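>>> pasting the sequence and the predicted coordinates here, then a few questions.
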Amino acid sequence: MAALEVTDGIPLIGRFRFIGYCSDLAEMVSRNVGYEYHIRFVKDGEYGRKQKDGTWNGVIGELIKHDADIAIAPLTITSDREKVLDFTKPFMSLGISLMIKKPVETDPHVFSFMRPLSQEIWLCTIFAFIGVSVVLFLVSRFSSEEWQVDSESKLENDFTIGNSLWFSLGAFMQQGCDVLPKSVSGRIVTSVWWFFTLIIISSYTANLAAFLTTQRMSGSIRSAEDLVKQTEIKYGPYRGGSTYMFFNQTTVSLYQRMWSFMTSQPDVFVKDNDEGIKRVRESNGQYVYLIESTLNEYYSSRLPCDTMKAGNNLDSKGYGIATPMGSDIRDKLTLSILQLREDGILDELKKKWWIEKSQCPLETTSKDPDASLTLSKVAGIFYILVAGLSLSVISVVLEFLYKTKVDSNKQNISFGSEARSKFRLSISGHSEDDTNEQRTPLRASTNMSSHEETTVYSKTQTVV
C-alpha cells in the first residue's frame with residue numbers, strides 16, 4: 001500500500017490518499033462489515049518482532065497496546081503471533097521463496113556449435129587432417145601394392161594428393177570412400193586416423209550435449225538445495241521477520257544447514273525488504289534474498305524488472321487480518337474474507353495488482369530447461385553449408401569456362417560455339433553431333449520408304 005502525492009487539483013484526504021491491494025481489501029471488508037475506518041502507517045515501520053524484554057514492536061506492538069483496532073498488511077500468521085493476537089482466516093496463501101537477479105540473456109553466437117571444443121583442439125584437428133593426408137599420399141607412393149596398370153597399360157596410383165585429402169575428410173565425417181588403401185603401411189595410417197576421428201567425434205558429441213545443458217541452466221539458482229550445495233552465492237532474509245524466525249526454529253535438516261550458513265555470515269541479513277531487494281539488484285547474481293512469495297512476485301513485476309522468483313516455495317502459510325486478542329470484530333472479518341474468497345473477489349484483486357498493473361512485460365518466470373535447440377545457436381552450420389554450395393557453383397563455372405577455352409583452341413573453333421555446345425550437352429545430356437547422327441538415319445529411312453512406295457505404284461500402273 002502506498003500514499004498518493006497530489007501536486008495539483010483537489011487534494012486527497014483520509015483513506016482516499018492510499019492505493020494498493022491492502023487499501024482495496026480494507027474497502028471491501030468495511031462494506032461487508034459495515035464499519036467506517038481510517039488508514040495510517042505504523043509508526044516504526046516494522047511488521048513486528050518480539051524484543052528481548054518480551055514486548056513486541058511494529059504492527060503487532062500497536063495492536064497489543066490497542067493503538068490500532070485492526071491491521072491489514074502482509075502480516076504472516078505464525079504461532080508466536082497467534083499467542084498475542086487474533087487472526088482471521090488467510091486472505092492470501094504464500095510461502096518463503098528465493099528472489100534472484102534476473103539472468104541477462106545474451107544473443108547466442110552463430111558458431112555456438114563449435115564451443116564444445118577449444119580453439120586449440122580445432123586447429124590441431126585441422127593440422128592432423130592435413131598431416132594424415134600427406135603421410136597417406138607418401139606411403140602410397142612408396143608402396144608397390146598401391147600401384148596398378150590401367151586400361152592403357154600405364155601405371156597409376158589411386159592415392160593422389162587430392163584423393164588422399166578426400167579420403168581423410170570422408171573418414172573424419174564418418175562417411176565411406178571408393179578408394180581404400182591396399183598396402184600394410186596405408187592401412188596402418190588409416191586405422192590410426194579412424195581411431196582418432198572416433199575419439200574426437202565422440203568427445204564433441206558428449207561435450208555438445210553437456211554444453212547446451214549447462215548453457216540453459218547457467219546464471220540461476222533454482223532451489224534451496226542449489227543454495228546449500230555452494231558457498232559463493234550468499235543468501236539471507238529480513239532480520240527479525242517471520243522468515244527469519246522460520247529458519248531459526250526449523251527442524252528440517254536442509255533448512256538447518258541454510259541457517260548455519262547464514263549465522264556464520266551475519267552480513268547476509270538485511271534490515272528491511274527494500275535493502276534486501278536493492279542488494280539482489282546490485283549483487284550481480286551473488287546474493288539471493290529469502291522473501292515471501294507474494295512480495296517476491298510483486299516486486300519482480302516492478303521497474304526496473306531485474307529480479308525474479310526462482311523455484312518453488314520453501315513452505316506454506318498465509319496472510320491474515322490481525323486484531324487485538326479477544327476483539328469482537330475478528331469473526332465478522334473472517335466471514336467477510338471467506339465471502340470474498342468464495343466470490344472470487346480475492347483472486348481478481350490479486351490479478352489487478354500483480355498482473356494488470358505490472359510494470360514489466362509479461363513473460364514466463366523461468367525458461368524450460370528442456371527447451372529445443374534454437375536456430376541462432378547453430379546458424380553457423382547453415383552458413384557453412386551455403387558457403388560450400390556457393391563455392392561449388394563458382395568452381396564449376398570456372399571449370400566450364402576453362403575447359404571450353406582449351407577445347408575451342410584445340411578444335412580451332414570460336415569460344416562461343418564451343419560454349420553453346422557444352423551448355424547444350426550439360427542441359428540435354430547429349431551433344432549436337434549426337435543429335436545430327438540420330439536425325440540422319442531417320443531422314444534416309446524416310447526417303448527410302450518414299451522411293452519404294454513410288455516404285456510399287458508404277459508397277460501397279462504398268463500391269464493395269
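Sure thing, it's come through.
>>> OK, contacts around the nearest residue to Glu225 once chain neighbours are set aside?
With C-beta to C-beta, 6 or more residues apart in numbering as the criterion, Glu225 has its nearest non-adjacent residue at 7.0 Å, and that residue is Leu254. All C-beta atoms are positioned from the backbone trio N, CA, C, and that covers glycine. Applying C-beta atoms under 8 Å, 6 or more residues apart in numbering, one finds that Leu254 lies in contact with Ala224, Glu225, Val228.
>>> A helix includes Leu254, no?
Yes - residue state for Leu254 (DSSP: H, G, I helix; E, B strand; the rest coil) corresponds to a helix.
>>> quick check on the contacts of Leu254: which are buried?
Among those, those buried by neighbour count (16 or more other C-beta atoms under 10 Å) are Ala224, Val228.
>>> closest to Ile329 out of the contacts of Leu254?
Ala224 (38.6 Å; C-beta to C-beta).
>>> any idea how far the closest one lies from Tyr255?
The span separating Ala224 from Tyr255 equals 7 Å under the rule C-beta to C-beta, to the nearest Å.
>>> can you give me how far stretch 233-244 is from the chain middle?
31 Å (C-alpha atoms, centre = their mean, to the nearest Å).
>>> and it, which residues are buried?
Neighbour counts using 16+ other C-beta under 10 Å place Lys234, Tyr235, Gly236, Pro237, Tyr238, Arg239, Gly240, Gly241, Ser242, Thr243, Tyr244 of stretch 233-244 among the buried residues.
>>> do stretch 337-357 as well
Buried residues in stretch 337-357 (16+ other C-beta under 10 Å): Ile337, Leu340, Leu346, Leu349, Lys350, Trp353.
>>> dump the C-alpha coordinates for it into CSV.
C-alpha atoms of stretch 337-357 as CSV (Å, rounded to 0.1, in the frame of the first residue of the first chain):
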residue,chain,number,x,y,z
ILE,A,337,-12.8,-12.8,4.0
LEU,A,338,-14.4,-16.2,3.3
GLN,A,339,-17.2,-14.5,1.4
LEU,A,340,-14.7,-12.6,-0.8
ARG,A,341,-12.8,-15.8,-1.5
GLU,A,342,-15.9,-17.7,-2.5
ASP,A,343,-17.0,-14.9,-4.8
GLY,A,344,-13.6,-14.8,-6.5
ILE,A,345,-13.0,-11.2,-5.4
LEU,A,346,-9.7,-12.0,-3.8
ASP,A,347,-8.4,-13.7,-7.0
GLU,A,348,-9.5,-10.7,-9.0
LEU,A,349,-7.9,-8.3,-6.6
LYS,A,350,-4.5,-10.1,-6.8
LYS,A,351,-4.8,-10.2,-10.6
LYS,A,352,-5.4,-6.5,-10.6
TRP,A,353,-2.3,-5.6,-8.6
TRP,A,354,0.1,-8.3,-9.6
ILE,A,355,-0.6,-8.8,-13.3
GLU,A,356,-2.7,-6.0,-14.7
LYS,A,357,-0.7,-3.2,-13.0
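>>> list the contacts of that stretch.
Residues outside stretch 337-357 that contact it (C-beta under 8 Å, 6+ apart): 20-21, 24-25, 28-29, 32, 88-92, 294, 297-298, 301, 321, 362.
>>> please repeat the previous calculation with a cut-off of 10 Å.
Here stretch 337-357 makes contact (C-beta atoms under 10 Å, 6 or more residues apart in numbering) with 19-25, 28-29, 32, 88-92, 294, 297-298, 300-302, 320-321, 362.
>>> and that stretch, what's its mean pLDDT?
Stretch 337-357 shows an average pLDDT of 94 in the prediction.
>>> how about stretch 23-36?
On average, stretch 23-36 scores 92.
>>> just stretch 208-222 next, same as before
Stretch 208-222 shows a mean pLDDT of 64.
>>> pipe the buried residues of stretch 233-244 into a markdown table and attach secondary structure and distance to Val179 per row.
Below are the buried residues of stretch 233-244 laid out as a markdown table (DSSP: H, G, I helix; E, B strand; the rest coil; distance: C-beta to C-beta, whole Å):
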| residue | secondary structure | distance to Val179 |
| --- | --- | --- |
| Lys234 | strand | 63 |
| Tyr235 | strand | 63 |
| Gly236 | strand | 68 |
| Pro237 | strand | 71 |
| Tyr238 | strand | 74 |
| Arg239 | coil | 76 |
| Gly240 | coil | 80 |
| Gly241 | coil | 76 |
| Ser242 | helix | 77 |
| Thr243 | helix | 72 |
| Tyr244 | helix | 75 |
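>>> need the max-distance pair from these.
Every pair of these checked by C-beta to C-beta; the farthest is Lys234 and Ser242, at 20.6 Å.
>>> and of the contacts of Leu254, the nearest to Lys410?
Once C-beta to C-beta is applied, the member of the contacts of Leu254 that ends up nearest Lys410 is Glu225, at 79.2 Å.
>>> would you check that Tyr287 makes contact with Pro237?
No - when contacts are counted by C-beta atoms under 10 Å, Tyr287 is not listed as touching Pro237 (11.8 Å).
>>> between these two, which contacts overlap?
With C-beta under 10 Å, 6+ apart, Tyr287 and Pro237 have common neighbours Val268, Val270, Gly276.
>>> now, the buried residues of stretch 337-357 that are in helices?
Ile337, Leu340, Leu346, Leu349, Lys350 (DSSP state H).
>>> a markdown table for those residues, including distance to Tyr383?
A markdown table is the format used below for these (distance: C-beta to C-beta, whole Å):
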| residue | distance to Tyr383 |
| --- | --- |
| Ile337 | 61 |
| Leu340 | 59 |
| Leu346 | 54 |
| Leu349 | 52 |
| Lys350 | 48 |
